[in-house]
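**Q** Predicted model and sequence below, questions to follow.
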Amino acid sequence: MKNKILITSALPYANGPIHLGHLAGCYLPGDIYYRYQKLRKRDAIHICGTDENGIPITIEAEKLGKSPQELVDNYHEKIRKSFEAFGIVHDNFSRTSTPLHHKNARDFFTRIYEKKYIVNKTIKQYFCPRCNRFLADRYIEGTCPYCDSKEARGDQCESCGRWLDPENLVSPGCKICGGTPVLKETKHWYFRLDVMQPQLEKWLLKKDNWKNNVKKFCKGWFKEGLEPRAITRDLTWGIPVPLKEAKGKVLYVWFDAPIGYISSTMEWAQRIGKPDRWKDYWLDSETRLIHFIGKDNIVFHAMVWPAMLMAHGDFVLPSEIPANEFLNIKGGKFSTSRRKAIWLQDTLELFDPDLMRYALAVNLPENKDTEFDWNDFQSKVNNELANILGNFINRTVSFIKSNYSSRVPLCKALSNEDNKMLHFLDETKKSMEEKIEKFELKKGIKTLMDLAKAANRYFDKEKPWETKRNAPEKCANTINTCIQVTDALASLMEPYLPFTSKKILKILNIEKNEWNRVGIPRIPGNKEIGKVEILFRKVENEIITLQKEKIGEEEKKMADRISIDEFKKVELKVAVVESAEKIENAQKLTKIIVDIGGEKRQIVAGIAENYSPEELVGKKIIVIANLAPAKIRGVDSNGMLLAATKDNKLTLLTIDKDIDSGAKVS
RNA sequence: GGCGGCGUAGCUCAGUUGGCUAGAGCAGCGGAAUCAUAAUCCGCGUGCCAGGGGUUCAAAUCCCUUCGCCGCCA
């Protein structure tokens, strides 16, 4: 076993808060693994930070009317805090907007550029003149050339599922502003993945202990043959490409993000006052570099990133990539951008972190996607944590309190049954070690629960409430054994349930044990225990019902909300009414001719019951100038006027101070 | 469209170098017990292992195919 372990968790993207899917995917597994390694006294560090570059950040910021910097500052802080409250321990939690990281990313690029692993190419790409930016394929929308659906994206048609090239779209439009994009030449820099393929393949071949999902995925890529991959973007937000001829270009977010692992480690070293300490990990080929990620990141961590590291040459390569599948929400996927999620910060307001840590840990998507369901959460907390684990500990300490004046009874000689119990405890510890080392974390927590179940069985079988009366020595042995098991449970659960672990130690009135001594009874007879405390309160039905209702509400709000750009599509102008007449045979309709800054328009409006033609002439009103023309009762209408209505009242929108007709309203 | 994955008990999930009557937890039913958070303990499962076909003495597990869901892709 190599000594040094560098653990990373995928850098969370700073365009939204953390949700349960993120936690189950990598942050909780990373934390469990790290806590375990620390308990084993291994030289391990856990490194993370927010990923703050890239196009989606700029778009999300625009939507909210904020600058990208404000957006990432906000989410960086939120994410950091909620991780802390959830008990995710990082040695360093950095961000990819630090000067140190910018420098590292530039240096990394320069190094592999000089080693000729980067080439440039000029391509044609859609550019939106109105937004003044190049559009990624998925931000282009148009009519599908195959099925005529109007909602095809530049990369794929949502309707028929065909993959498209943006150039093939009929009447392409910018998804952000609705403008018409034009094809424009642009130059980009490409990382020669094709050159790296042979050594990458050779390296991956040796990783036969890796998870299947990772290996199979890479195999597929190799089969198709790797191609140079663009690592620059036309964007102002991000890390500028360190080349004179690359003005206005930044590094692709996926290029700089993993370098963030290195930057964050450097930052940690500086923070602890040993600025060279990061080298002990990154520059030592004996270090085990372990990346906890979700399956969406496999291609970058198992192929692009190792290839980058190989090209660079100085750093250690990943030794393990325990990639989880996805945790889905009942009835669909989590989505940060669409705000369909169960947010960590919300659950922290309602529940002790360990409740969620447990519910997620026993249902980690290690082999396949799994589902989170609030009813399931409730039953896991109530039936498993509270009834099995919590109750065993409670019945043990309560027994000591009421029968032995809160002093642990002396154990004289262990019976066969007692020894069996302690032996099972030993087995549990070994088994947990094996499972965690193999990244089978779900099995690890289940093994722990098996110990609690065995302990309950033992308690029932030994009947201390009876032996107390007719065989007091036996009773003392039983309870003494139970308290040793309780103590061991506290230590063994620490990677999974750190908060509860602490609570139990407090009840036992004892310091944390050394992992390698766990299993050896250490609570002395006659020791006074602390105040008895309920470890897990039951989760009530009401609160679960509320949580279930909450899912989807936020999503709906987001869907109904429009962006400023959508509003900008509506062209509102001031118009003056030049003439008006009632339309015959139509009770409500009036035909008016308006002047919009010199342009005459005929508009049909349903205002005849509220305004007479005479009243209307000369009024300055607000009209929608870019509404598609329509025929109403056979009369052409080219625009629409604005009026407020409630019940049967109707009043026209007009202007507060005089302004020329044709003036824009916004 | 190409590549890959998944589909096991009412629910959440284990289970593939092919091999004992296919498992666990929860829910459900019956019982025991009363130290304990009405907690615990014992007993109870005829599931077309998505459908179909094939290889094999033997398939949830390997191969082919259909359907459904998901991920990745200049």
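**A** Yes, it's here.
**Q** quick one: residue A:612 and RNA strand B, what's the gap?
**A** To RNA strand B, residue A:612 is 57 Å away according to CB to the nearest atom of the strand, to the nearest Å. To be clear about C-beta, it is placed using only N, CA and C from the backbone, and glycine gets the same treatment.
**Q** Do you know the pLDDT at that residue?
**A** Listed pLDDT for residue A:612 reads 79.
**Q** Run a quick neighbour tally on it.
**A** Look at residue A:612: counted by other CB atoms under 10 Å, it has 13 neighbours.
**Q** hmm, who's touching stretch A:270-289?
**A** For stretch A:270-289, the surrounding residues in contact (CB atoms under 8 Å, 6 or more residues apart in numbering) are A:2-6, A:8, A:45, A:92, A:262, A:265-266, A:268-269, A:314-320.
**Q** again but with stretch A:452-467, I slipped
**A** A:388-389, A:391-392, A:395-396, A:399, A:417, A:420-421, A:424, A:474-475, A:478-479, A:481-482, A:485, A:489.
**Q** Of those residues, keep whichever come out buried.
**A** A:389, A:391-392, A:395-396, A:399, A:421, A:424, A:474-475, A:478-479, A:481-482, A:485, A:489 (16 or more other CB atoms under 10 Å).
**Q** Check whether residue A:621 really touches residue A:642, as I assumed.
**A** Yes. Here residue A:621 reaches residue A:642: they are 7.2 Å apart, a contact under CB atoms under 8 Å.
**Q** Tell me the residues that contact both of those two, please.
**A** Shared contacts of residue A:621 and residue A:642, defined by CB under 8 Å, 6+ apart, are found at A:652, A:653.
**Q** Which of these two has more residues huddled nearby?
**A** When neighbours are counted by other CB under 10 Å, residue A:621 and residue A:642 differ, and residue A:621 comes out ahead with 23 against 14.
**Q** wait, what's in contact with the more buried one?
**A** Residues near residue A:621 by CB under 8 Å, 6+ apart: A:574, A:575, A:576, A:577, A:594, A:641, A:642, A:652, A:653, A:654.
**Q** how close does it sit to residue A:571?
**A** When distance is defined by CB to CB, to the nearest Å, residue A:621 is 15 Å away from residue A:571.
**Q** Domain ranges for chain A, per the record?
**A** Here the domain parsing of chain A from automatic domain parsing is A:4-97+A:255-334, A:107-251, A:373-517, A:570-665.
**Q** got any ranges where chain A has weak pLDDT?
**A** Counting by pLDDT under 70, chain A has low-confidence residues at A:1-2, A:147, A:149, A:151, A:155-164, A:330-331, A:552-569, A:628-629, A:646-648.
**Q** What's the nearest residue in it when you look at RNA strand B?
**A** Nearest to RNA strand B, among the residues of chain A, is residue A:390, at 2.2 Å (CB to the nearest atom of the strand).
**Q** Can I get stretch A:594-609 in PDB, CA atoms only?
**A** Below are the C-alpha coordinates for stretch A:594-609, written out as PDB (Å, rounded to 0.1, in the frame of the first residue of the first chain):
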ATOM      1  CA  VAL A 594     -51.900  55.000 -35.600                       C
ATOM      2  CA  ASP A 595     -48.700  56.800 -36.400                       C
ATOM      3  CA  ILE A 596     -45.500  55.200 -35.000                       C
ATOM      4  CA  GLY A 597     -42.800  57.700 -35.700                       C
ATOM      5  CA  GLY A 598     -43.900  58.400 -39.200                       C
ATOM      6  CA  GLU A 599     -45.100  54.900 -40.000                       C
ATOM      7  CA  LYS A 600     -48.800  54.400 -40.400                       C
ATOM      8  CA  ARG A 601     -50.400  51.200 -39.000                       C
ATOM      9  CA  GLN A 602     -53.800  49.800 -38.900                       C
ATOM     10  CA  ILE A 603     -54.700  48.000 -35.600                       C
ATOM     11  CA  VAL A 604     -57.800  46.200 -34.500                       C
ATOM     12  CA  ALA A 605     -58.500  46.400 -30.800                       C
ATOM     13  CA  GLY A 606     -61.200  45.100 -28.500                       C
ATOM     14  CA  ILE A 607     -61.900  48.500 -26.800                       C
ATOM     15  CA  ALA A 608     -65.200  49.600 -28.500                       C
ATOM     16  CA  GLU A 609     -67.200  49.200 -25.300                       C
END
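**Q** No further questions, thank you.
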